[in-house]
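[1] here's a sequence, model it:
(one chain, ligands or ions: 2)
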Amino acid sequence: MPKDDFICIGHRGASGHAPENTLKAFELAIKLGCQWIELDVYVVEGELLVIHDEKLNRTTNGSGLVEAQTVEYLRSLDAGDGEKIPLLSEVIKRVAHRCKINIELKGTHTAEPVNALLKDFISKGWREDEFMISSFNHEELAASSPDIKRGALFHKQIANMFERAADLNAYAVNLSQKIAHTEIVAQAHERGYQVFVYTVNTRDEMLVLKKMGVDGVFTNFPDLFPSDKP
Ligand code: G3P
Ligand code: MG
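    Ligands and ions are numbered 1, 2, ... in the order given. The predicted structure follows:
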């Protein structure tokens, strides 16, 4: 399938330069020209919170499992540089159409609350195509809204990768860099899938993947993204 663009996706925001999955990192990703940001979500007491790990200790001054806490406690924590763990709704409002948002379902039972939240935003003027929902948990992904693009995440090559993507009615296969090779990219394109590759943190690697025909890369360093602009 011919592709018309090579897309920069700020991985957890511009997380090489600002605390990951914070408003600061998302603002910086937009400033650095990302067409998309990627973030990870968990649900706690019915609220969607943006954080990557199941435990708090690496990225915040808290401890314990994210899903075992109250929202009040989670919101009291410092996620770096004085930033709070954002609510997904807060990120969507702050982004305010300046880029698209890839929501990765990281926590359990996140598909339904994400569907409900996006439905609410779409009723208020956001467009379906401003979002993509992805997950390594393909069962959870299968429960995401069929109106929103789905990205099937794969960290290793499996024999039935494209059957899985077809079953999910995926828009994209989002591949670990270690399995992103010419053949798999061509096979994905033959079947009509976009190919996005994570996490690509050098310009040389970005250029290799661009030449290979991938449609975009997740990066912590959007400033390294090769722009066609002079
Ligand atoms: O969605 C791409 C990438 O974020 C998947 O891996 O562990 O960084 O969420 P991880
Ligand atoms: Mg992620």
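
[2] who's the residue most central in space within the chain bridged to?
    For the chain, the residue nearest the mean C-alpha position is residue 38 (2.8 Å; CA atoms, centre = their mean). Under DSSP bridges, the beta-bridge partners of residue 38 are residue 11, residue 102.

[3] residue 63 versus that one, what's the distance?
    Residue 38 sits 26 Å away from residue 63, going by CB to CB, to the nearest Å. For every residue, glycine as well, the C-beta is placed using N, CA and C.

[4] and residue 215, by the same measure?
    39 Å.

[5] more neighbours, those two?
    Of the pair residue 215 and residue 63, residue 215 is the one with more neighbours under other CB atoms under 10 Å, namely 22 against 10.

[6] quick check: nearest residue in space to that one, chain neighbours excluded?
    residue 194 (4.5 Å; CB to CB, 6 or more residues apart in numbering).

[7] in contact with that neighbour, which residues?
    3, 171, 172, 173, 188, 215, 216 (CB atoms under 8 Å, 6 or more residues apart in numbering).

[8] go again using 7 Å as the cut-off
    For residue 194, the contact set (CB atoms under 7 Å, 6 or more residues apart in numbering) comprises 171, 172, 215.

[9] got the residues you listed as TSV, with secondary structure and pLDDT columns?
    Output for these, formatted as TSV (DSSP: H, G, I helix; E, B strand; the rest coil; pLDDT from 0 to 100):
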residue	secondary structure	pLDDT
171	coil	98
172	strand	98
215	coil	98
